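Peer 1: fold the following.
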Amino acid sequence: MTRGSQRERDRERAQARAGNKSKQTKGDGLTPEQRRERDAKALQEKAARKAAQGVAGGNNNSKK
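Peer 2: As a prediction, this is how the structure comes out:
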């Protein structure tokens with residue numbers, strides 16, 4: 001008998017959680033093009049750091 005109200009409350013809570021997640025993902029205020037440029041720049045910087053580490057001999061690929 002009380003399961004009906006529990007389901008309704010759970011649905012409301014699930015909708016509230018789902019609504020909060022969608023707002024957080026697009027919270028940076030960037031257009032898709034700006035986001036692509038930002039991500040591409042970050043990947044280039046990461047690749048440059050990785051290459052510099054490899055040249056310096058900082059290869060830390062120890063196997064456990």
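Peer 1: counting by contacts, list what the helix or strand of the chain with the lowest mean pLDDT packs against.
Peer 2: The weakest-scoring helix or strand in the chain, judged by mean pLDDT, DSSP states H and E, is helix 3-25 (a mean of 81). Using 3 or more CB pairs under 8 Å, 6 or more residues apart in numbering; DSSP states H and E as the contact definition, helix 3-25 packs against no other helix or strand. Quick note: C-beta positions are derived from backbone N, CA and C, even for glycine.
Peer 1: could I have it exported to CSV, CA atoms only?
Peer 2: Extracted in CSV, the C-alpha atoms of helix 3-25 (Å, rounded to 0.1, in the frame of the first residue of the first chain):
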residue,chain,number,x,y,z
ARG,A,3,4.9,1.4,-2.1
GLY,A,4,2.9,3.7,-4.4
SER,A,5,3.9,6.8,-2.6
GLN,A,6,7.5,5.6,-2.3
ARG,A,7,7.7,5.1,-6.1
GLU,A,8,6.3,8.6,-6.7
ARG,A,9,8.9,10.2,-4.3
ASP,A,10,11.7,8.2,-5.9
ARG,A,11,10.6,9.4,-9.4
GLU,A,12,10.6,13.0,-8.2
ARG,A,13,14.1,12.6,-6.6
ALA,A,14,15.4,10.9,-9.8
GLN,A,15,14.1,13.8,-11.9
ALA,A,16,15.7,16.3,-9.6
ARG,A,17,19.0,14.5,-9.9
ALA,A,18,18.8,14.2,-13.6
GLY,A,19,17.9,17.9,-14.0
ASN,A,20,21.0,19.0,-12.0
LYS,A,21,23.4,16.9,-14.1
SER,A,22,22.3,18.4,-17.4
LYS,A,23,22.9,21.9,-16.1
GLN,A,24,26.4,21.1,-14.8
THR,A,25,27.7,19.6,-18.1
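Peer 1: show me how far the helix or strand that that helix is followed by is from its chain's centre.
Peer 2: Scanning forward in sequence from helix 3-25 by DSSP states H and E, the next helix or strand is helix 32-55. From the chain centre to the centre of helix 32-55 is a distance of 16 Å (CA atoms, centre = their mean, to the nearest Å).
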